[in-house]
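J.: Got a sequence here, can you build the structure:
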Amino acid sequence: QVQLVESGGGLVQAGGSLRLSCAASGRTFYTMGWFRQAPGKEREFVAVITWLEPTYAGSVEGRFTISRDNAKNTVYLQMNSLKPEDAAVYYCAGRLAITNTIYLAARDYNYWGQGTQVTVSS
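T.: Residues are numbered from 1 along each chain as shown. Model prediction:
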């Protein structure tokens, strides 16, 4: 059974940091991404990592870092200098196929975690 399980969300003050984790089981994903969805808004791309370089949304570049530990089949999202507008439910997503394409759209991902809430107080 293929499963993605996120953890690490919580409440943090503006300017603070959180690290999200996403543990995959059942398969090894070539592409793993983080998306977020705030109330009343569409799910948006945050960051993606393949076995090569990461890609970030402009709104988080320089503040967030995505990384992966292939031995643990886990991807991380280190979030620094958090802002109130970063508050959302954060979802981990995965694609299995090996490809040179970097996927930024939620519709391109086959597998999703249940989400973890990030709240940023001002």
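J.: give me every residue that touches the residue most central in space within the chain.
T.: With distances taken as Cα atoms, centre = their mean, residue 34 lies nearest the centre of the chain, 2.1 Å away. Going by Cβ atoms under 8 Å, 6 or more residues apart in numbering, residue 34 touches 20, 22, 46, 47, 48, 66, 75, 77, 90, 91, 92, 93. No exception for glycine: its C-beta is placed from N, CA and C like everyone else's.
J.: Mind picking the one among those residues that's closest to residue 83?
T.: residue 46 (13.1 Å; Cβ to Cβ).
J.: in a strand, that's where the closest one is, yeah?
T.: Yes: using DSSP: H, G, I helix; E, B strand; the rest coil, the assignment for residue 46 is a strand.
J.: and it, what does it touch?
T.: So residue 46 contacts 33, 34, 35, 36, 56, 57, 60, 64, 77, 90 (Cβ under 8 Å, 6+ apart).
J.: okay, the nearest residue to residue 28 once chain neighbours are set aside: pLDDT?
T.: Sequence neighbours aside, residue 73 is the residue nearest to residue 28 in space, at 6.1 Å (criterion: Cβ to Cβ, 6 or more residues apart in numbering). Note for residue 73: predicted pLDDT of 92.
J.: State the distance from residue 73 to residue 21.
T.: Between residue 73 and residue 21 the distance is 11 Å, computed by Cβ to Cβ, to the nearest Å.
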